[in-house]
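Visitor: The following comprises the amino acid sequence and a computationally predicted model.
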Amino acid sequence: MPYIMTSMNIKQFISHSLIALMMVLLSRVLISGLDSPNFIIGNYLWLPIGAAILSYLLFGFKVFPGVLLGYLIAEVIIEGSIADISQREFLSRTMSSLAPIIAISIMRVFSLSNFFNEDKINIGHVFFLVLLSAVTSTLLKTFFVYDKAEEFLADPVGHIGSYLVGDMIGGIVFIYIGIKLSSLMLKKLR
Amino acid sequence: MDSYKLLFTNNLIAFLAIFLASVAMKYLSGFDAEIGSYFYLPIGAKILVFLLFGRQVLPGVMASCIFCGVVLFGSWGGNFAWGAVGALMGALAPLISIGVMQWFKVANFSNLKNIDFRHVLFLIFFTAIIHALSRFVIYAKSEVFNISPIDFLSHYLVGDMIGGIVVIWTVLKILPLFASTANPCKN
C-alpha cells in the first residue's frame, strides 16, 4: 500500500510539474515578440507570472522545479542555445519563479487569503496576489540581479516601471483567460 | 456645526500626531530626503490616523507632511516643489494601500474592534512598498535629488516598516498597558 501511494505521488508530482512547465514555457515563447532589445526594460505583457501563480495555486509549491525549468527551456528556445543564457538571466528567472511563492506565503502568514472559498477560486484575492507577486518579483530583481548593472543605474525608473506594469498586466490577463477557458471547458464536459 | 467641529478636531489630531512623530524621528535617527531614515515614524502615525478617523483627515495629514518638510527638514534640502510632491504622495500612500486592500476584499478596516493585527502589519508593509516606490519615481524623475536607487529604496522600505511597526505597536499594545497600570481601579 505505501509503495502504491509513493508511486501515485511521484506520478502526480511529475504530471503536475510537467503541466506547470508547459504553461510557463508556452506563455513565455508566446510573448517573445514583445521583448525589448534592452534587457533592463521588461516585457509589458509578462504572461509567465500568471502561469507560475496559477501553477502554485493549483498544484502547490512542489512544482517550483517545473516552473523554473519552464522559464529556462523557454530562454534556450528564444536565445537559440544554452551558451547564450547569462548568469544574470538565470538569476532573474529564479527570482521570477520564487516571487509568487513568497507572495502566496505572505498572504497566508498574514491571514489575508486562502484563495479558495468552498472549492471556488476567489478572483479578487488572486488579482491582489498578482499585484503582490509583481511587486515582489520586481524588488527581488532590482535588489539581487540588476543592482550593479550600468543600464539599470542609467534608467532605474524605466526598469522598475516596465517590470511592475508588465507583470501586473501579464498576470491578470493570463489568469483571467485561464479561468474563463477552464470554466468553458468544464461546462462543455458537463 | 458639530460635524464641522469634529472634522476640524480630527484633522488637528492627525496634524499633531504626524508632527510629533516627525519630531521624534528627527531627534532619534535624523532624516535626509535623499537617503530616508531607518526609523520613519510618521508613516505609522499616518496609518494610525487613517485607520482611526478615515479619509476625512487627509487635509490634516497633507498639511502636516508639508509643514514638517518645511519646518523640520529645511524644505527637503531647498527642493520645496518636488519635496512637497513627494510628501503629498507620502500622505496618500496609506490611503491607497487601505483602498486597494479593501477593494480586493483581502482585509476590512472599517470595524476597528474586530480588526486582525496581522492585517495591520501587512498594511504597514504594503504602505512601505507603495510609499518607497512612489517617492523613488518622483525623486528620480525630478532630477533635482541625487539618489542611488538601491540605497534609496532599501532605506525607505526598511525605515517605513520599522517606523510603522514601532508607532502602531506602541499605540495599540504598550500604551494600554501603561494606562491599565497607572489606573488599576478601572480593571
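Guide: The structure has been received and is ready for your questions. Only a predicted model underlies this, so the values are computations on that prediction, with no experimental measurement involved.
Visitor: Next, count neighbours for B:D2.
Guide: Look at B:D2: counted by other C-beta atoms under 10 Å in any protein chain shown, it has 6 neighbours. Where you see a C-beta, it was placed from the backbone N, CA and C, and this is true even at glycine.
Visitor: Please name the nearest non-neighbouring residue to B:S154.
Guide: Leaving out its chain neighbours, the residue that sits closest to B:S154 by C-beta to C-beta, 6 or more residues apart in numbering or on different chains is A:F143, at 7.2 Å.
Visitor: How far does the host helix or strand of the one you found sit from its chain's centre?
Guide: Assigning secondary structure by DSSP states H and E places A:F143 in helix A:123-144. Relative to its chain's centre, helix A:123-144 lies at 10 Å (C-alpha atoms, centre = their mean, to the nearest Å).
Visitor: That one packs against which elements?
Guide: Applying 3 or more C-beta pairs under 8 Å, 6 or more residues apart in numbering or on different chains; DSSP states H and E, one finds that helix A:123-144 contacts helix A:48-59, helix A:87-109, helix A:156-189, helix B:80-103, helix B:117-142, helix B:149-169.
Visitor: Quick check: A:G66 vs A:A51, distance?
Guide: 11 Å (C-beta to C-beta, to the nearest Å).
Visitor: Any stretches of the chain with poor pLDDT?
Guide: All of this is about chain A. A:1-8, A:84 (pLDDT under 70).
Visitor: um, chain B though
Guide: In chain B (pLDDT under 70), the answer is B:1, B:175, B:179, B:182-187.
Visitor: what do you get if the cut-off is 90, keeping everything else the same?
Guide: B:1-4, B:28-39, B:73-80, B:108-117, B:141-149, B:169-187 (pLDDT under 90).
Visitor: Around chain B, pick out the residues from chain A.
Guide: When proximity is defined as C-beta under 8 Å from any C-beta of the partner chain, chain A approaches chain B at A:106-107, A:109-113, A:124-125, A:127-128, A:131, A:135, A:139, A:142-143, A:147, A:152-153, A:156-157, A:160-161, A:164.
Visitor: hmm, 7 Å instead?
Guide: Contact residues, chain A versus chain B (C-beta under 7 Å from any C-beta of the partner chain): A:110-113, A:124-125, A:127-128, A:135, A:142-143, A:147, A:153, A:156-157, A:160.
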